[in-house]
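1. Here you go, sequence then predicted model.
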Amino acid sequence: MADHFEVIDTVSGRQEAEILQSFLRAQDISCEISQEAAGYVIGMTIDGMGAVQILVPSKEREKALDALRRYRSDDTPKPLQPKNASRPTK
């Protein structure tokens, strides 16, 4: 039996949705995004036209919600910066 996809979040704008989709996929969570065609074609992000839904399989829902909580609380691992990295001078 095929797993059903569930909406776990709705964001404003395709760019944010694609960032979250990439993040979830990097966590080995299947993820799809869905947006009404008019909002995508026109490029509007006001009044709900730019709303994009983040969907994951039902069986991965809790894992995905936990990952999003960590992402938004800034508890995700960050790339290390070299200790001797020079800052640009003005």
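-> Nice, I can see it.
2. And the strands in the chain, which stretches?
-> Along the chain, counting by DSSP state E, strands occupy 5-12, 32-35, 51-57.
3. strands paired with the first one, and their directions?
-> Partners of strand 5-12 in the sheet, by DSSP bridges, are strand 51-57 (antiparallel).
4. which other residues reach the partner strand?
-> Applying C-beta atoms under 8 Å, 6 or more residues apart in numbering, the contact partners of strand 51-57 are 3-14, 16-17, 20-21, 24, 29-36, 39, 64. C-beta: built from backbone N, CA, C; applies to glycine.
5. would you put the C-alpha positions of that strand in CSV?
-> Extracted C-alpha coordinates of strand 51-57, given in CSV (Å, rounded to 0.1, in the frame of the first residue of the first chain):
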residue,chain,number,x,y,z
ALA,A,51,1.6,29.7,-0.1
VAL,A,52,3.6,26.6,-0.6
GLN,A,53,2.8,23.4,1.2
ILE,A,54,5.6,21.1,2.5
LEU,A,55,4.5,17.4,2.3
VAL,A,56,6.1,14.3,3.7
PRO,A,57,5.0,10.6,3.8
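6. average pLDDT for that strand?
-> Per-residue pLDDT over strand 51-57 has a mean of 94.
7. Any idea how many residues pack against residue 63?
-> As a burial measure, residue 63 scores 15 neighbours (other C-beta atoms under 10 Å).
8. try residue 60
-> Counted with other C-beta under 10 Å, residue 60 comes out at 20.
9. Between the two ends of stretch 22-36, how far is it?
-> Taking C-alpha to C-alpha, to the nearest Å, the first and last residues of stretch 22-36 lie 20 Å apart.
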